[in-house]
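Asker: Sequence and predicted model, in that order:
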Amino acid sequence: MGECMQRTILLQNQKIEYTLNASARSRRMRLAVYRGGRFVVSVPKRMPERLIEKFLLEKADWILAKIASMRLLAPVESQPISKLELKRLKVVALELVHRRLEYFNQYYQFTYNTVTIRNQKTRWGSCSRQGNINFNYKLAILPARLADYVVVHELCHLREMNHSQKFWDLVAKTFPDHKALRRDLRKNHLGPA
Ligand SMILES: [Zn+2]
């Protein structure tokens, strides 16, 4: 049987509550963040408090970003994410899209200008004639394959500004199953790209 205690810790000036679960069965420290943002830290029995706190401080970036994403995934009745959490998810999303754009563009070799992250209600991304690409910050919490699909979708709009057959042929070079991916985006998430 484990022992559960409610704790708080200050991570980057944010008071974070967590459940500390000390159990003889735990071999090492484990962090888990659940839908809604509930944060559970499992540790071996009798682990020194200062080691636990040191570990949490080291993992602060990961913990805060994870809590922000899991709160976003929470049911509608829970409180909305804070400005700080939004900022954090935007940083995560921007890093993600830069990395994946670069990766997929090794193949496509298109030219783009600025890449920005926005708080859009209904779109995953958009692309302008000037070659500027916008992405929704919620990309940070999409399953990796769906986020990649959105990135490739917008990347291909640099060449084809419409949803013509030519456009889908370009997308299909990376995602032959783009129809299913698009359906999944629409059904389970925000809306179409
Ligand atoms: Zn499109």
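Answerer: Noted; the coordinates are in hand.

Asker: What segments of this structure are strands?
Answerer: Counting by DSSP state E, one finds strands in the chain at the ranges 3-11, 14-23, 30-33, 39-44, 115-118, 125-127, 133-136.

Asker: Let me know the angle separating the longest one from strand 39-44.
Answerer: This means strand 14-23. Here strand 14-23 runs at an angle of 40 degrees relative to strand 39-44 (axes from the mean of the first three to the mean of the last three C-alpha atoms, to 10 degrees).

Asker: where along the chain do the helices fall?
Answerer: 49-58, 60-72, 83-108, 144-157, 165-172, 178-188 (DSSP state H).

Asker: who's in contact with the shortest one?
Answerer: Translated: helix 165-172. Tyr108, Val152, His153, Cys156, His157, Arg159, Glu160, His178 (C-beta atoms under 8 Å, 6 or more residues apart in numbering). Using the backbone N, CA and C atoms, a C-beta is placed for each residue, glycine as well.

Asker: hmm, 10 Å instead?
Answerer: 108, 110, 149, 152-153, 155-161, 163-164, 175, 178-179, 181-182, 193 (C-beta atoms under 10 Å, 6 or more residues apart in numbering).

Asker: Quick one: buried ones out of those residues?
Answerer: Neighbour-count burial (16 or more other C-beta atoms under 10 Å) applied to the contacts of helix 165-172 gives 108, 149, 152-153, 155-158, 160, 175, 178, 181-182, 193.

Asker: and which of the residues you listed is nearest Lys54?
Answerer: Using C-beta to C-beta, Tyr149 is the member of these that lies nearest Lys54, at 39.2 Å.
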